[in-house]
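Visitor: Next come a sequence and a model predicted from it.
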Amino acid sequence: MTTPTDHARLLRLATRASVAVACILIIAKAIAWWLSGSVSMLAGLTDSALDGVSSLLNLMAVHYALRPADDDHRYGHGKAESLAGMAQALFIGGSAVLIALQAIERLKHPEPIGAAWLSIGVIVFSLVLTVALLMLQHRVIKATGSNAVNADSLHYRSDLLLNGGILVALVLAGFGWQQVDPWFGLGIAAYILWSAIQIARESFAVLMDEELPTDVSQHMLELACSVPGVLGAHDLRTRISGNQWFVQLHLELPGDLTLSVAHGISDQAADAIHAVYPRAEVLVHADPQEVVKAARAQ
């Protein structure tokens with residue numbers, strides 16, 4: 001388990017590395033596209049530019065999300081990550097449309113690709129740099145469980161497939177199959193648009209306080225009920241804010257317990273859930289079982 005200081009340091013390291021990699025790839029792919037005129041390379045350049053925007057948004061969002069709760073934000077600032085995700089989705093969706101239009105134009109008016117082998121070298125360099133970044137992100141995700149870094153990592157993993165497709169298109173174009181390039185550009189545009197939709201859906205779910213998966217909620221109830229003295233649990237509610245889960249539930253306890261004993265059992269139930277799900281901040285309300293039975297009987 002990482003300390004809060006280590007957690008923040010690793011998150012900042014991962015997000016800064018992501019921005020640096022995106023900037024390097026933008027420069028390399030821009031030069032390659034300028035010399036080759038490849039639609040596939042343009043798609044790769046656009047994707048890297050979006051990676052740069054996304055990574056920069058993640059950097060700012062993580063910086064803001066790491067701020068502790070204050071009087072105006074009692075649940076912290078974690079939803080900044082999801083707001084950044086919605087902005088990313090808009091950028092990515094718009095770029096997919098632009099790439100598709102460029103590919104259609106190239107299909108109507110074919111042009112030869114120049115410096116194809118230089119572009120191939122740039123793509124190979126991109127693949128190597130992306131793999132190195134993914135290795136760092138994997139380490140950070142394993143240590144922190146960060147949703148923001150995990151989403152960024154998923155995006156860069158998909159970039160491996162995207163750059164692999166560009167590599168195939170450029171190799172074929174280098175051997176005279178020029179018409180393959182715009183078709184690959186169209187396919188990449190469709191892929192980028194699908195990624196934008198997925199990012200938007202995930203971000204929207206968090207912003208709308210969607211519940212945690214049913215199996216997780218059920219397990220939390222089981223953990224609470226396993227505490228000695230707990231007769232039942234109900235009304236469990238969950239939501240996500242950045243890297244933190246907020247959990248509320250009601251415990252059913254014997255009505256003759258003193259307030260101190262009921263409080264102690266409630267703390268044990270919260271600790272049992274937190275031990276298995278460290279990201280969960282648990283709020284427990286104790287109900288006398290007699291009151292619960294009477295309410296259910298009505």
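Guide: The structure has been received and is ready for your questions.
Visitor: For the stretch 101-250 of the chain, which segments count as helices?
Guide: 116-144, 147-174, 180-207, 214-225 (DSSP state H, counting those that start in this stretch).
Visitor: Could you list the buried residues of the first one?
Guide: So that's helix 116-144. 116, 119-120, 122-123, 125-127, 129-130, 133-134, 136-137, 140-141, 143-144 (16 or more other Cβ atoms under 10 Å). Heads up, the C-betas are built off the backbone N, CA and C, glycines and all.
Visitor: Same question for the last one.
Guide: Buried residues in helix 214-225, counting neighbours by 16+ other Cβ under 10 Å, are found at Ser217, Met220, Leu221, Leu223, Ala224.
Visitor: which residue sits closest to the third one, ignoring its sequence neighbours?
Guide: The shortest distance from Leu221 to any residue that is not its chain neighbour, by Cβ to Cβ, 6 or more residues apart in numbering, is 5.0 Å, and that residue is Ala233.
Visitor: Can you add pLDDT and distance to Arg16 and give the buried residues of helix 214-225 back as a markdown table?
Guide: What follows is the buried residues of helix 214-225, written out as a markdown table (pLDDT from 0 to 100; distance: Cβ to Cβ, whole Å):
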| residue | pLDDT | distance to Arg16 |
| --- | --- | --- |
| Ser217 | 89 | 35 |
| Met220 | 93 | 35 |
| Leu221 | 91 | 40 |
| Leu223 | 93 | 37 |
| Ala224 | 92 | 40 |
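Visitor: longest helix anywhere in the protein?
Guide: Ranked by number of residues, the top helix in the chain under DSSP state H is helix 4-36.
Visitor: elements contacting that helix?
Guide: If contacts are counted by 3 or more Cβ pairs under 8 Å, 6 or more residues apart in numbering; DSSP states H and E, helix 4-36 sits against helix 39-65, helix 116-144, helix 147-174.
Visitor: Quick one: these as JSON lines, columns for mean pLDDT and distance to Val261 too.
Guide: Output for these, formatted as JSON lines (pLDDT from 0 to 100; distance: least, Cβ to Cβ, whole Å):
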{"stretch": "helix 39-65", "mean pLDDT": "72", "distance to Val261": "38"}
{"stretch": "helix 116-144", "mean pLDDT": "83", "distance to Val261": "37"}
{"stretch": "helix 147-174", "mean pLDDT": "70", "distance to Val261": "37"}
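Visitor: Could you say which one of the ones you listed comes nearest to Arg16?
Guide: Arg16 lies closest to helix 39-65 among the helices and strands packed on helix 4-36, at 6.5 Å (Cβ to Cβ).
Visitor: that older thread, closest one to Gly44 among the helices of the stretch 101-250 of the chain?
Guide: helix 147-174 (4.8 Å).
Visitor: For the closest residue to Phe204 other than its chain neighbours, give its distance to Leu98.
Guide: Closest residue in space to Phe204, ignoring its immediate chain neighbours: Met86 at 7.1 Å, by Cβ to Cβ, 6+ apart. Met86 sits 19 Å away from Leu98, going by Cβ to Cβ, to the nearest Å.
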